[in-house]
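> what follows is a predicted structure for the sequence shown.
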Amino acid sequence: MRSSYYLGISFYKGQIQLAEIDHGKKMTVTVLSERSTAIDFTRDTNFSADHPQLFTFIYELEEMIKQNKVHSKTISFALPTESLYIQVVPVDATLQGADLTSHLHWEFEQFFPNVPAKDFIVSSYPIPVADEKRKHVILVGVRRGLVAFLKRAASELRLAVHLVDVDHFSAEKTIRHCHPEMLKETFLLLGSRGDGLDASLIFRGNYVDYRGFAVRQSEDLKNNIIAYRQYLEAKIGSQPPTKALLYGFGISQETLQPLQREAGITPVLLNAVRNMTTSKHVYEEYVRESSRFAAAIGLALRTR
């Protein structure tokens, strides 16, 4: 079988994470790499195809691609949640196509009245529910300028943009491939960003909720997990699941036991290279700490 390579990029803690996977006879992680970036993807609101730091970013990516001998001709980007507007909203279950798009823009303007909607690409992730009349979606607003910036960078590198997604949601494909045994369960997905926490309730492999929390000191991670479980209990009217799949920065087997004791969860560390072969050229530390590459790997796993 002819090999086919896919490349995923994410941005955490002032770093670029890069993952390449060969979808050949054996699914193989060919590259895991990380480097610092001069670009502030979490706070800069003035991105465009002509951003003054565009070629700095291009150089950073080009250096990573050359040093790691990346084969892929496509590239996918996982956007940091700090740079996005995310909200769970109810919508009429009968809305489709242009009517749904129009309603999502209206909802975006209601939740974020001081944000110019024309400057955003508004999309949504459906939440599966049994109600035939009303459903909920996770509404996402992405700055058009940021997408234009990334597309221009890819074009300059002669790479085709395959996907642009939210980093926390990109981890879904990683879970499906690396932890398929959890797809029949209901559990919490907790992504540690270093200075933030992304939290979702996962039901049969689908995201049914999202909340973001700030983390300013070590106690905040535990406290935010407790707060999220309390929020879910009030929302669903029953005890939320205790099982939690964790990924990201500052998360290791050593940190799981205190969280189990103090936050009342049964934690599982996401192994983002499980059920795959890893190239002998991949840095062993990145293999051990693969959960921080969960978003980049999730994109590299997606072929369509």
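Arrived safely.
> so where do the strands sit in the stretch 201-304 of the chain?
206-207, 211-214, 243-248, 266-269, 277-278 (DSSP state E, counting those that start in this stretch).
> between these, which one is closest to A295.
Relative to A295, the nearest member of those by Cβ to Cβ is strand 243-248, separated by 8.4 Å. To be clear about C-beta, it is placed using only N, CA and C from the backbone, and glycine gets the same treatment.
> which SS class is F187?
Classification of F187 by DSSP: H, G, I helix; E, B strand; the rest coil places it in strand.
> so how many other residues sit close to it?
22 (other Cβ atoms under 10 Å).
> picking that back up, please identify the most buried of the strands of the stretch 201-304 of the chain.
By mean neighbour count, with neighbours taken as mean count of other Cβ atoms under 10 Å, strand 243-248 ranks first of the strands of the stretch 201-304 of the chain at a mean of 23.
> list the strands paired with that one, with their directions.
strand 186-192 (parallel), strand 266-269 (parallel) (DSSP bridges).
> which one of the ones you listed lies nearest to V89?
strand 186-192 (20.0 Å).
> tell me how far the closest one lies from the chain's centre.
12 Å (Cα atoms, centre = their mean, to the nearest Å).
> now stretch 56-64
Using Cα atoms, centre = their mean, the offset of stretch 56-64 from its chain centre is 21 Å.
> residue contacts, D165?
76-79, 299 (Cβ atoms under 8 Å, 6 or more residues apart in numbering).
> ok so, going back, tabulate the strands of the stretch 201-304 of the chain (a markdown table), appending distance to I121.
Shown next, in a markdown table, are the strands of the stretch 201-304 of the chain (distance: least, Cβ to Cβ, whole Å):
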| stretch | distance to I121 |
| --- | --- |
| strand 206-207 | 19 |
| strand 211-214 | 19 |
| strand 243-248 | 25 |
| strand 266-269 | 33 |
| strand 277-278 | 35 |
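> show me which of the contacts of D165 are buried.
Buried members of these, counted by 16 or more other Cβ atoms under 10 Å: 76-79, 299.
> I'd assumed Y6 was in a helix, is it?
No: membership of Y6 in a helix is not supported by three-state DSSP, which gives strand.
> which secondary structure elements does the longest helix along the chain contact?
Taking DSSP state H as the criterion, the chain has its longest helix at helix 218-236. Secondary-structure packing of helix 218-236 (3 or more Cβ pairs under 8 Å, 6 or more residues apart in numbering; DSSP states H and E): strand 186-192, strand 196-203, strand 211-214, helix 253-263.
> surely F213 meets G196?
Yes: using Cβ atoms under 8 Å, F213 is in contact with G196, at 6.5 Å.
> looking at the buried ones among the contacts of D165, which are in helices?
Counted as lying in helices by DSSP H, out of the buried ones among the contacts of D165, are L299.
> include pLDDT and distance to Q17 when you put the buried ones among the contacts of D165 into a markdown table, please.
As requested, the buried ones among the contacts of D165 are arranged in a markdown table below (pLDDT from 0 to 100; distance: Cβ to Cβ, whole Å):
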| residue | pLDDT | distance to Q17 |
| --- | --- | --- |
| S76 | 99 | 12 |
| F77 | 99 | 11 |
| A78 | 98 | 8 |
| L79 | 97 | 13 |
| L299 | 99 | 10 |
